[in-house]
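Test case, fold it:
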Amino acid sequence: MKRTITLLVIFLLLGGGAFWYLSTDDERNKMTVAGSDRAFALEDMSQLHKIFIAGRKGERSTLVRNDAGGWNLEGAGPANPHVMEPLLEAIGNIRIKYKPSDNAVKNMVNVLATQGKKVELYDKAGNLLKAYYIGGSTADERGTYIIMDGAEQPYVAEMPGFSGNLSVRFDRRGDEWRDKTLFSEKVEEIKYLSVEYPKQKNQSFILEAAGTDYTVKPFYDITPEIQRPFKEGSVEAFLVNFESVGAEAFRNEYNSRDSILQTIPFCSITLVNTDEDTTRAVFYPIIKEKVTTQDRKTGDYVTTGGYLDRYFVLRNRQDFMLAQHLVMEKIFWGYGSFYQDINLLN
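Reported below is the predicted structural model:
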């Protein structure tokens, strides 16, 4: 009887020990699954103040949240909100899709070592929130390679609601991060605006706010003032075009920049807002060259081109940019545009 009781006690002890071991082992597994080497998403995005991204070829980008809640490229002004939005979305929602097989790990590590970008996230006090490497994708382009800084195990990551390579959201350099806006002013915040056409002096003008009204006068003293009646609502219709005017791209590294700046521009626009901030844009026309081709079906020769296509733009005497004519033409009014047509007065 005593022997039976002893065996029963031993059995219970062994069983309890096994249960404890398996339970704690399960907890250890859970901790590994939810471990720091897998927690890539930044849960509290309000903490994020600075993003540092470094490429393997020496490129560096630092993005800092400004007082208005937007983002700046450090040392270069406002960041492009259309670029920042997908980046921030990825930072806040990236998650593990699966742990790769041991056979796939070596290739993933090689790709991350040669193509990956290091991402460091900081709060306003300068504390490091997260740091990881991201780059490369699965064969179907639906998963992205990622590994936590200091970890040995890479993973394949994804983002809910998105199918594609997430690393492209981090893969930009220099001016590619920057806001391409030329003008962004509300009508009531425009105090002064001059539009100068060096080759069409009689169409150049100065527009100024005068209380709740506006005055429009010639830019050049030699241009006679128009005596026709003012066109009602014309100033507001013109100024509303400056609420959102954006360029196509930066061209600060363009080889012929200096030569182009020596030519006579098509137009120069200077805008001063009620805070006394000044924005100046100088437009140099790009003419689409004529090209003659033969139609294979009819044999006829067709000539295309020879029209105004784009502009090189010098913004605030610093940035050299490229802008489309179809986007810019809405701000190219002439002095006479604010006055009633003489034919309608007869």
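
now the helices for the stretch 101-250 of the chain?
102-115, 234-239 (DSSP state H, counting those that start in this stretch).

among those helices, which is nearest residue 43?
When the helices of the stretch 101-250 of the chain are compared by C-beta to C-beta, helix 102-115 sits nearest residue 43, at 23.7 Å. The C-beta positions use only the backbone N, C-alpha and C, and glycine is treated the same way.

could you dump the helices of the stretch 101-250 of the chain to TSV with mean neighbour count, distance to residue 96 and mean pLDDT?
Listed next are the helices of the stretch 101-250 of the chain as TSV, based on neighbours: other C-beta atoms under 10 Å; distance: least, C-beta to C-beta, whole Å; pLDDT from 0 to 100:
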stretch	mean neighbour count	distance to residue 96	mean pLDDT
helix 102-115	14	13	88
helix 234-239	17	51	95
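
Turn those helices into a markdown table, columns for distance to residue 141.
A markdown table is the format used below for these (distance: least, C-beta to C-beta, whole Å):
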| stretch | distance to residue 141 |
| --- | --- |
| helix 102-115 | 13 |
| helix 234-239 | 46 |
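
Which among these is found nearest to residue 270?
For those, proximity to residue 270 was assessed by C-beta to C-beta; helix 234-239 is nearest, at 14.0 Å.

how far does that closest one sit from the chain's center?
Taking C-alpha atoms, centre = their mean, to the nearest Å, one finds the center of helix 234-239 at 29 Å from the center of the full chain.

Counting by contacts, list what it packs against.
With contacts taken as 3 or more C-beta pairs under 8 Å, 6 or more residues apart in numbering; DSSP states H and E, helix 234-239 sits against strand 205-210.

Give the other helices and strands that the strand it packs on contacts.
strand 190-196, strand 213-218, helix 234-239.

Looking at the ones you listed, which is nearest to residue 264?
Among the helices and strands packed on strand 205-210, strand 190-196 sits nearest to residue 264 (C-beta to C-beta), with 11.2 Å.

Average pLDDT for stretch 142-151, rounded please.
Averaging pLDDT along stretch 142-151 gives 91.

buried stuff in that stretch?
143-148 (16 or more other C-beta atoms under 10 Å).

The nearest residue to residue 254 once chain neighbours are set aside: how many residues sit nearby?
Sequence neighbours aside, residue 320 is the residue nearest to residue 254 in space, at 6.0 Å (criterion: C-beta to C-beta, 6 or more residues apart in numbering). Residue 320 sits with 20 neighbouring residues when counted by other C-beta atoms under 10 Å.

Can you give me the pLDDT of residue 160?
So, for residue 160, pLDDT stands at 91.

correction: residue 29
For residue 29, the model assigns a pLDDT of 38.

again, but for the one 4 residues further on
On pLDDT, residue 33 comes in at 42.

can you check residue 216 too?
In this prediction residue 216 is given a pLDDT of 94.

That one touches residue 334, doesn't it?
No - at 10.9 Å, residue 216 does not count as touching residue 334 under the criterion of C-beta atoms under 8 Å.

Kindly provide the distance from residue 100 to residue 332.
Distance, residue 100 to residue 332, by C-beta to C-beta, to the nearest Å: 56 Å.

Compute the distance between residue 117 and residue 131, please.
Applying C-beta to C-beta to residue 117 and residue 131 gives a distance of 11 Å.

coming back round to it: which phi and psi does the residue nearest to residue 254 have?
phi -100, psi 120 (degrees, to the nearest 10).

residue contacts, it?
250-252, 254, 257, 312-314 (C-beta atoms under 8 Å, 6 or more residues apart in numbering).

Show the pLDDT at it.
96.

Switch the contacts of residue 320 over to JSON lines; also include pLDDT.
Listed next are these as JSON lines, based on pLDDT from 0 to 100:
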{"residue": "250", "pLDDT": "94"}
{"residue": "251", "pLDDT": "94"}
{"residue": "252", "pLDDT": "92"}
{"residue": "254", "pLDDT": "92"}
{"residue": "257", "pLDDT": "94"}
{"residue": "312", "pLDDT": "96"}
{"residue": "313", "pLDDT": "97"}
{"residue": "314", "pLDDT": "97"}
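
which among the residues you listed end up buried?
Buried members of these, counted by 16+ other C-beta under 10 Å: 250-251, 312-314.

show me where the stretch 201-346 of the chain has strands.
For the stretch 201-346 of the chain, the strands defined by DSSP state E, counting those that start in this stretch cover 205-210, 213-218, 245-246, 249-250, 267-273, 278-288, 291-294, 301-304, 307-315, 319-324.

and which of the buried ones among the contacts of residue 320 is nearest residue 79?
residue 250 (12.7 Å).

Now do the nearest residue to residue 199 once chain neighbours are set aside against residue 64, distance only.
With C-beta to C-beta, 6+ apart as the measure, residue 264 is the residue that lies nearest to residue 199, at 6.6 Å, once sequence neighbours are left out. In this view, residue 264 and residue 64 are 39 Å apart by C-beta to C-beta.

just residue 283 next, same as before
31 Å.

what about residue 85, how many residues close to it?
Residue 85 has 12 nearby residues by other C-beta under 10 Å.

same question, the one 10 residues further on
Using other C-beta under 10 Å as the criterion, residue 95 is surrounded by 14 other residues.

show me what contacts the residue lying closest to residue 70 once chain neighbours are set aside?
Of all residues not flanking residue 70 in the chain, residue 78 sits nearest, at 6.4 Å (C-beta to C-beta, 6+ apart). Neighbour list for residue 78: 66, 70-72, 178-179, 181 [criterion: C-beta under 8 Å, 6+ apart].
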